[in-house]
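Engineer: Fold the following.
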Amino acid sequence: MTTNIRIHPAALKEAKWHEYAIRFFLGGLITVATGLIAKNFGPAVGGLFLAFPAIFPATATLIATHEKERKRRVGLDGTRRGRDAAALESRGTALSTIGLFAFGLIIWRLLPMHRAWLILTAAAGSWFAISVLVWRLRIFLHRA
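Structural biologist: Here you go, the predicted model:
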C-alpha cells in the first residue's frame with residue numbers, strides 16, 4: 001500500500017472544536033508528565049520522554065473515528081478502513097522519529113555554540129527533509 005504525502009486543508013473543517021480540544025488537552029497532559037519526570041529524575045531522563053509524539057494518541061483515535069463515520073454515511077462498515085487509516089498515521093509518526101533524532105542531534109551538538117534561531121531553523125529543516133526522505137525511501141523500497 002503506497003500513499004502520497006498530501007495536504008488537505010478542507011480536512012480542517014471536518015474536525016469539530018472538541019476534537020481539537022482533546023488533542024490540545026492530551027498534548028498538554030503529556031507535556032506536563034514529561035516535565036514532572038524531568039523534575040524528579042533529571043533532564044536526561046525527561047528528554048527521553050520528549051520524543052513521545054504528544055498528540056498522536058488523540059490523532060489516531062480521531063482519524064479512525066472519521067474514517068468509520070465516512071463509510072457509515074454511505075452504508076458501509078468502516079471499522080477496517082478506520083484501523084488502516086490509524087495504522088498509516090502511526091507508520092508516518094514512527095518514520096518521522098528518524099527526523100526527530102536528527103533534530104535532537106543538531107540541537108544537542110550545535111546550540112551551545114551558535115545562535116538559537118539559526119540552529120532551530122536548521123534542525124527543523126533537517127527534521128522535515130529527513131522525514132520526507134525516509135517516507136519516500138519506504139515507498140521506493142516497497143515497490144522494489
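
Engineer: Could you say which helix or strand holds the residue most central in space within the chain?
Structural biologist: Centroid-nearest residue in the chain: residue 93, 4.5 Å away (criterion: Cα atoms, centre = their mean). If you go by DSSP states H and E, residue 93 is part of helix 79-110.

Engineer: Flag every buried residue along that helix.
Structural biologist: By neighbour count on 16 or more other Cβ atoms under 10 Å, the buried set for helix 79-110 is 82, 85-86, 89-90, 92-93, 95-100, 102-104, 106-107. Every C-beta, even on glycine, is put in place using the N, C-alpha and C of the backbone.

Engineer: Helices along this structure, start to end?
Structural biologist: Taking DSSP state H to define them, one finds helices in the chain at 11-14, 17-41, 43-50, 56-73, 79-110, 116-143.

Engineer: These into JSON lines, with extra columns for mean pLDDT?
Structural biologist: Output for the helices of the chain, formatted as JSON lines (pLDDT from 0 to 100):
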{"stretch": "helix 11-14", "mean pLDDT": "68"}
{"stretch": "helix 17-41", "mean pLDDT": "84"}
{"stretch": "helix 43-50", "mean pLDDT": "77"}
{"stretch": "helix 56-73", "mean pLDDT": "81"}
{"stretch": "helix 79-110", "mean pLDDT": "86"}
{"stretch": "helix 116-143", "mean pLDDT": "91"}
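
Engineer: For residue 36, see how far away the residue lying farthest from the centre of the chain is.
Structural biologist: Ranked by distance from the centre of the chain (Cα atoms, centre = their mean), the top residue is residue 75, with 31.1 Å. Going from residue 75 to residue 36 by Cβ to Cβ, to the nearest Å gives 47 Å.

Engineer: What is the burial count for residue 16?
Structural biologist: For residue 16, the count of nearby residues is 10 (other Cβ atoms under 10 Å).

Engineer: Quick check: the gap between it and residue 59.
Structural biologist: Separation of residue 16 from residue 59 (Cβ to Cβ) stands at 14 Å.
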